[in-house]
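In: Build the 3D model from these lines:
(one chain, ligands or ions: 2)
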Amino acid sequence: MSGAIDTGKIRLLSGDVISRIAAGEVVERPAAVVRELIDNSLDAGSTKITIEVKDGGMSLIRVVDDGEGMSQKDASMAFRHHATSKVVSDQDLLSVTTMGFRGEALPSIASVSKVRLITARREEPVGTQLLLAGGEIERVEDVAAPAGTQVEVKDLFYNTPARKKFLKTITTEFSRISQAVQQASLPRPGVQFHLRHNGQDVLHVPAVSSLRDRVSQVYHRRFADQCLEFQADGPACKLQGYTINPMYARSGRTPQDLFVNCRPVKNATVSHAVYGAYEASLAKGRHPLFVLFLEVDPARLDVNVHPTKREVRFLDQDLIHHSVRQAIRSALGRPASEASTVRLQSPHRVGQPDSPQRRYDQGESQGQVSGTLLKEKGEVYSWPRPASLEPSSGQRPTGLNSQPALIQEHPLPFEPVTRPEVIPLGQIGKTFLVAQVGTELQVVDQHTAHERVLFERLRGKWEGSAIASQPLLIPDPIDVPLHEAQVLMEHLSDLEKLGLVLEPFGASSFLLRAVPASLGHIDHEAFIQDLVEDLAQWNSLSSLEARIRPILATLACHGAVRAGRGMDLPEIKHLIEDWVKEGLPMTCPHGRRVALRLPAEELAKIFGRA
Ligand code: ADP
Ligand code: MG
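Out: Ligands and ions are numbered 1, 2, ... in the order given. This is a model prediction of the structure:
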């Protein structure tokens, strides 16, 4: 190489520093290679990073950046163990401000693959190409190259077949890569990311000016709109984030992203603080979704605790716990000073199973009467309690945790031999139907009752393998985040058997072409979101029945009449008759109560006539 003397800036770490570095496997799978290469590009001040991958990263990973590049001397140094430009002394380890600090990534990657590096510094006339196999440099030469660095990793684990065996399918490995790219992109709105797989554009994230815009790019505007935004300056950290409005919380846990000084990490203290802030705002089995960015003084943070740098330790753990909890509490509109033991009841959650008994005559609206009525002389009459007593707002309740509650019956001694007559009386709060059914007074939740009716019908049809599909006149385009698209892609043919026809349309969009016949109006986007959560559990469930059931329940939930819709007497009669036809099941497919039933004899007892 011509020009000035190249003194280089990469140095070997001293044995002393090396001994303080958390050692361990750096590249256990393709996504880890991608993470490390992106980290290097970010540390080099890049504004555009392109990641090109073949076969889930197993045959090729190429990361191209427009960062500061390396001199020829540095390029050769970079592949030696413990060679880094980022840390010199063990003091530096105490306040790391870069993503990398161990000088381990490039040599580890090179030792299990064939690497080609092309790099050029802006101020130098020529660049450098380096070829390596199994960690050994085979060739170094001058090349013409744009400013920046390109690292090409071929045939990963070609020389370690045992490691190769642990790789999963191409789809799974690629899905991890795309998650890694998304994670890297989130805290850096000013950097453009571009991901290609097998020659196809999969993710294109142009630079934007705010974190909010970046969150919308990665998790879609809909998610950002469902979040509450907050910003706070705590004694030990600055924080900014987006956290789900409890109304939209779901059974899934994606995203639950934490970035500390732009580093994606897991941290139990922060998770605990977030869950603590939500407390009783969330129905059972629902989880907070959040994207949280923490800025901490690097000297008060230990990043050197985990071999793949996915964890950190806070020196001011308690202060940070407190700040996160307070910030989220106030974002949720809850008094920040409240002690964690105080249980607040959320506005859309009444009559918790463990709440104290309430008297229906103490100013409670009828919809809020919980599971007990007080008789004269203080005797308690209680009706069967379903697994959960949340009123239906048309929102799907829970996923995983509610599964045991699926179709859990609480039978009343009511065995209709001939079907009882249904005399519709009216509707309360556009949510509960009131009717005389046979000799009983019944208050029926319109959503859960309809949901159960639809569920039973779908199940019957599915068992007879005859779920008819109804094509949409105009196919509905649906955009989903990339990781969800991958889940859907895996199950397109399973869904088709359920009458749902989705056609891939770009990397993270689909056209919804048909839905099962005989469902009511469905909000397709919301439905697909819930569906993805069901599908994400698919592989953990062993029987087909167990896999299909939550999906039928989700279909039924989305197809059923919502709370808040006025119904006239003939409609009420019709719905209750349908429900009676199904044998008056007392819970919806998610385990929520359908009806309150007071037989004439009970009425007589309550009024002292028996
Ligand atoms: P670390 O990132 O911990 O320093 P690596 O093995 O990942 O260790 O990289 C070694 C060195 O190579 C870095 O310290 C940096 O000086 C240089 N380097 C690696 N990747 C790039 C890149 N994309 N652009 C510029 N320099 C790079
Ligand atoms: Mg590195």
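In: Single out the residue in the stretch 501-610 of the chain that lies closest to ligand 1.
Out: Proximity of the stretch 501-610 of the chain to ligand 1 (Cβ to the nearest ligand atom) peaks at Ala507, 25.5 Å away. For glycine as for every other residue, the C-beta is placed from the backbone atoms N, C-alpha and C.
In: What are the buried residues along the lengthiest strand in the chain?
Out: Secondary structure of the chain per DSSP state E: the longest strand is strand 469-479. Across strand 469-479, burial judged by 16 or more other Cβ atoms under 10 Å covers 469, 475-476, 478-479.
In: to the chain's geometric centre, what's the distance from that strand?
Out: Distance of strand 469-479 from its chain centroid, counting by Cα atoms, centre = their mean, to the nearest Å, is 25 Å.
In: and the helix or strand following it with strand 469-479, angle?
Out: Once the chain leaves strand 469-479, the next helix or strand it forms, by DSSP states H and E, is helix 482-490. Between helix 482-490 and strand 469-479, the angle comes out at 150 degrees (axes from the mean of the first three to the mean of the last three Cα atoms, to 10 degrees).
In: who are the neighbours of helix 482-490, in terms of helices and strands?
Out: Applying 3 or more Cβ pairs under 8 Å, 6 or more residues apart in numbering; DSSP states H and E, we find helix 482-490 packed against helix 170-185, strand 501-504, strand 509-516, helix 524-537.
In: Render the CA-only coordinates of that helix in CSV, please.
Out: In CSV, the C-alpha atoms belonging to helix 482-490 read as follows (Å, rounded to 0.1, in the frame of the first residue of the first chain):
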residue,chain,number,x,y,z
LEU,A,482,-41.4,-9.2,9.6
HIS,A,483,-41.2,-11.8,12.4
GLU,A,484,-44.9,-12.3,12.3
ALA,A,485,-44.8,-12.7,8.5
GLN,A,486,-42.4,-15.5,9.0
VAL,A,487,-44.8,-17.3,11.4
LEU,A,488,-47.7,-16.9,9.0
MET,A,489,-45.6,-18.1,6.0
GLU,A,490,-45.0,-21.4,7.8
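In: Report how many residues lie close to whichever residue of the stretch 401-550 of the chain sits closest to ligand 1.
Out: At 23.9 Å from ligand 1, Leu482 is the closest residue in the stretch 401-550 of the chain, using Cβ to the nearest ligand atom. Close neighbours of Leu482, defined as other Cβ atoms under 10 Å, add up to 18.
In: any idea which residue sits dead centre in this protein?
Out: Central residue of the chain (Cα atoms, centre = their mean): Thr254, 0.9 Å from the mean position.
In: Let me see the confidence value for that one.
Out: We have a pLDDT of 87 for Thr254.
In: now the helices and strands packed on helix 482-490 as a markdown table including distance to ligand 2 and mean neighbour count?
Out: Formatted as a markdown table, the helices and strands packed on helix 482-490 follow (distance: least, Cβ to the ion, whole Å; neighbours: other Cβ atoms under 10 Å):
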| stretch | distance to ligand 2 | mean neighbour count |
| --- | --- | --- |
| helix 170-185 | 13 | 21 |
| strand 501-504 | 35 | 16 |
| strand 509-516 | 34 | 19 |
| helix 524-537 | 32 | 20 |
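In: Can you report phi and psi for the closest residue to Lys154 other than its chain neighbours?
Out: Distances taken as Cβ to Cβ, 6 or more residues apart in numbering put Lys114 closest to Lys154, at 4.5 Å, once the chain neighbours are dropped. The phi/psi pair for Lys114 (degrees, to the nearest 10) reads phi -110, psi 120.
In: does Lys114 really touch Asn159, like I thought?
Out: No - taking contacts as Cβ atoms under 8 Å, Lys114 lies outside contact range of Asn159: 9.2 Å.
In: which of those two has more neighbours?
Out: More crowded of Lys114 and Asn159, by other Cβ under 10 Å: Lys114, with 18 against 15.
In: circling back: which residues do Lys114 and Asn159 both contact?
Out: Shared contacts of Lys114 and Asn159 (Cβ atoms under 8 Å, 6 or more residues apart in numbering): Gly134.
In: where does the residue in the chain positioned nearest to ligand 1 fall, helix, sheet strand or coil?
Out: Closest residue of the chain to ligand 1, Cβ to the nearest ligand atom: Gly100 (2.2 Å). Judged by DSSP: H, G, I helix; E, B strand; the rest coil, the three-state class of Gly100 is coil.
In: would you turn the helices and strands packed on helix 482-490 into TSV with mean pLDDT?
Out: Formatted as TSV, the helices and strands packed on helix 482-490 follow (pLDDT from 0 to 100):
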stretch	mean pLDDT
helix 170-185	92
strand 501-504	92
strand 509-516	90
helix 524-537	88
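In: would you turn the ones you listed into a markdown table with distance to Ser85?
Out: Output for the helices and strands packed on helix 482-490, formatted as a markdown table (distance: least, Cβ to Cβ, whole Å):
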| stretch | distance to Ser85 |
| --- | --- |
| helix 170-185 | 20 |
| strand 501-504 | 43 |
| strand 509-516 | 42 |
| helix 524-537 | 41 |
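In: In a markdown table: these, plus distance to ligand 1.
Out: Formatted as a markdown table, these follow (distance: least, Cβ to the nearest ligand atom, whole Å):
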| stretch | distance to ligand 1 |
| --- | --- |
| helix 170-185 | 13 |
| strand 501-504 | 33 |
| strand 509-516 | 32 |
| helix 524-537 | 33 |
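In: Give me the three-state assignment for the closest residue to ligand 2 within the stretch 151-300 of the chain.
Out: Closest contact between the stretch 151-300 of the chain and ligand 2, by Cβ to the ion, is at Val151 (10.6 Å). Using three-state DSSP, the structure places Val151 in strand.
In: And the pLDDT at it?
Out: Taking Val151 on its own, its pLDDT is 98.
In: could you give the mean pLDDT of stretch 284-296?
Out: Stretch 284-296 comes out at a mean pLDDT of 91.
In: and that stretch, how far apart are its ends?
Out: Distance across stretch 284-296, first residue to last, is 33 Å (Cα to Cα, to the nearest Å).
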